[in-house]
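J.: Fold the following.
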Amino acid sequence: MANLKRTREDVLSSVLELIHQQGFHSTGLKELLAVSGTSSGSFYNYFQSKDELAHALIDFKWSSLKATLFKPSAATANDAITQMFEVIDILETIHLAEKPCAGCFLGNLIVELVEYDPSFREHLIHIFDEWQEEIARLLRVGQDRLQPEVNPNILAQQLLTAIEGALLLGRLYNNPEHLKRGFDTVRYLLISVLV
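T.: Got it, this is the predicted structure:
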């Protein structure tokens, strides 16, 4: 019997991995209800539609990822660059633990949803802009450790692009060594601009 006392966060947490592995469009309502342990009435009490669920999952995943990756501002330039390397390490560890490698949840939704409904394009642009700004913030704090010609905002875009590329190809090849090489490329990009 469905647990009618599940919170909205419980439902989001319980369906995220299923959608991450199968994709949004490939996951049916019956599967979402089964994995979340809710009735259709409870489910629709939280989300008026499956699309509303997707928007909620985007925010839920970003909130969780942001809390995991980005700590309060580093006190020194050395700390900020070290923290950026830690961000890369944490992402690599998270995705190496996935069996099979499912890629970036948010990146997968770009491929699946932005042509489906313009509201997803706007929402995901907002999220990726925030993610890029978090990276740029670290790089600006650590700018003394970067070569003088390096623009932290452009480097942040390059790093995020490299991360997403590593995760996309990691999903394609579903090979831990391939994923590791992708993250090594991200590290190399950062190392190559340090003084």
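
J.: okay, Asp79: pLDDT?
T.: The model reports Asp79 with a pLDDT of 89.

J.: which helices and strands does the longest helix belonging to the chain pack with?
T.: Longest helix of the chain, by residue count under DSSP state H: helix 118-141. For helix 118-141, the packing partners by 3 or more C-beta pairs under 8 Å, 6 or more residues apart in numbering; DSSP states H and E come out as helix 50-69, helix 77-96, helix 105-113, helix 152-173. All C-beta spots, glycine's among them, are computed from the backbone N, C-alpha and C.

J.: any idea how far the residue lying closest to Glu164 once chain neighbours are set aside is from Val15?
T.: Nearest residue to Glu164, sequence neighbours excluded (C-beta to C-beta, 6 or more residues apart in numbering): Gly107, at 5.0 Å. Distance, Gly107 to Val15, using C-beta to C-beta, to the nearest Å: 18 Å.

J.: who's more crowded, these two?
T.: Val15 (24 against 18; other C-beta atoms under 10 Å).

J.: can you tell me which residues contact that one?
T.: Thr27, Leu32, Val35, Ser36, Leu53, Leu57 (C-beta atoms under 8 Å, 6 or more residues apart in numbering).

J.: ok so, going back, same list (the helices and strands packed on helix 118-141) but as TSV, adding distance to Ser42.
T.: Shown next, in TSV, are the helices and strands packed on helix 118-141 (distance: least, C-beta to C-beta, whole Å):
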stretch	distance to Ser42
helix 50-69	13
helix 77-96	30
helix 105-113	24
helix 152-173	32
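
J.: Worst mean pLDDT among these?
T.: helix 77-96 has the lowest average pLDDT among these, namely a mean of 92.

J.: Please parse this protein into its domains.
T.: The record's domain parsing of the chain by automatic domain parsing lists 1-48, 55-191.

J.: Span of the last one from start to end?
T.: Start-to-end span of domain 55-191 (C-alpha to C-alpha, to the nearest Å) is 36 Å.

J.: rewinding a little: in the contacts of Val15, which residue is surrounded by the most others?
T.: Leu53 leads these on contacts (other C-beta under 10 Å) with 24 neighbours.

J.: Sweet, I'm off.
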